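**Q** coordinates only, no sequence provided:
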Ligand SMILES: NC(=O)c1ccc[n+]([C@@H]2O[C@H](COP(=O)([O-])OP(=O)(O)OC[C@H]3O[C@@H](n4cnc5c(N)ncnc54)[C@H](OP(=O)(O)O)[C@@H]3O)[C@@H](O)[C@H]2O)c1
């Protein structure tokens, strides 16, 4: 609560002006994974809006695996945004992380009476549960759905910022093999805006999806990026439905139905990112 008082003299009269800004929209928010790729931007945006942001990560004394520092970080906290991630996407590691982290987090949040828990998940999580990382994310989602804590799950498509990783993983020499599966990535900046927007709204107690403004084949996105970057790499279009060497359903990486679209177009993002 910010209070300013000032006294002004008008002629012979003393007028007391008491501006009281009961800005209840400024809240205490815990961002788990606040040091990560997404968490850093979300933390910055919330702080710029005037919220009190606590960063929850091992380097800031909060460890979801052991529960260390959680109850202190949750004291008087109203909203929790979970942007944590396992140290690798490998099946056993991811499942262990999201199971243990989820249990510890829910227990601590119930004790702290948290008003809203928002978690960032991935589109298509139900559609390829044979992929260990998606099974781990599904566990993370179900854990919060069944907790009794008011929640919102955001399922996002892949980020534009992920394009270099596709080239690195699927590339061989001066060629990169990319399939023609449906792809609708989104800029991290748009993801950040949606996380902040939904976190500050009432809990949906359900799932919302977000995606970029354009759907095309994955090889077209990668070819455009390589063209703008001027990289000496040739895109070889693969007919099989593969992503990061895994065979996946053709529409796994795009929203299922209604979704919230990002504003930033891929080409504009690539031009501004690559020239900086
Ligand atoms: N990247 C994508 O394309 C994409 C798309 C859709 C959804 N998502 C989801 O978004 C989430 C965030 O992804 P990201 O790529 O932004 O994450 P990231 O860069 O890998 O960062 C992971 C964060 O988790 C924290 N963390 C790790 N172990 C922890 C622990 N034991 N306790 C508390 N915090 C811990 C890390 O803290 P330290 O820095 O201290 O290690 C770091 O802040 C993930 O769950 C991912 O599935 C990502």
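**A** Perfect, I can see it now. Only a predicted model underlies this, so the values are computations on that prediction, with no experimental measurement involved.

**Q** please list the residues of the chain that sit near the ligand.
**A** 32-33, 35-39, 56-59, 62-65, 83-85, 120, 122, 137, 156, 158-159, 162 (C-beta under 6 Å from any ligand atom). No exception for glycine: its C-beta is placed from N, CA and C like everyone else's.

**Q** are any of these buried, and which?
**A** If you count burial by 16 or more other C-beta atoms under 10 Å, the buried members of the residues of the chain next to the ligand come out as 32-33, 35-36, 38-39, 56-57, 62-64, 83-85, 120, 122, 137, 156, 158-159.

**Q** ok, the residue of the stretch 1-150 of the chain found nearest the ligand - contacts?
**A** In the stretch 1-150 of the chain, the residue that lies nearest the ligand is residue 36 (2.2 Å; C-beta to the nearest ligand atom). Residue 36 is in contact with 57, 83-85, counting by C-beta atoms under 8 Å, 6 or more residues apart in numbering.

**Q** for these, give me a markdown table that also has secondary structure, distance to residue 176 and pLDDT.
**A** Below are the contacts of residue 36 laid out as a markdown table (DSSP: H, G, I helix; E, B strand; the rest coil; distance: C-beta to C-beta, whole Å; pLDDT from 0 to 100):
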| residue | secondary structure | distance to residue 176 | pLDDT |
| --- | --- | --- | --- |
| 57 | coil | 33 | 97 |
| 83 | coil | 29 | 98 |
| 84 | coil | 30 | 98 |
| 85 | coil | 25 | 97 |
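
**Q** residue 220: which of those residues is nearest?
**A** Ranked by distance to residue 220 (C-beta to C-beta), these are led by residue 85 at 28.1 Å.

**Q** look up phi and psi at that closest one.
**A** Residue 85 adopts backbone torsions of phi -150, psi 150, taken as degrees, to the nearest 10.

**Q** what does the one 10 residues further on give?
**A** Recorded main-chain torsions at residue 95 are phi -70, psi -40, according to degrees, to the nearest 10.

**Q** skip the chain neighbours and tell me the closest residue to it.
**A** Once flanking residues are discounted, residue 95 sits nearest to residue 136: 4.5 Å by C-beta to C-beta, 6 or more residues apart in numbering.

**Q** count residues in the vicinity of that neighbour, would you?
**A** The tally of other residues near residue 136 (other C-beta atoms under 10 Å) stands at 24.
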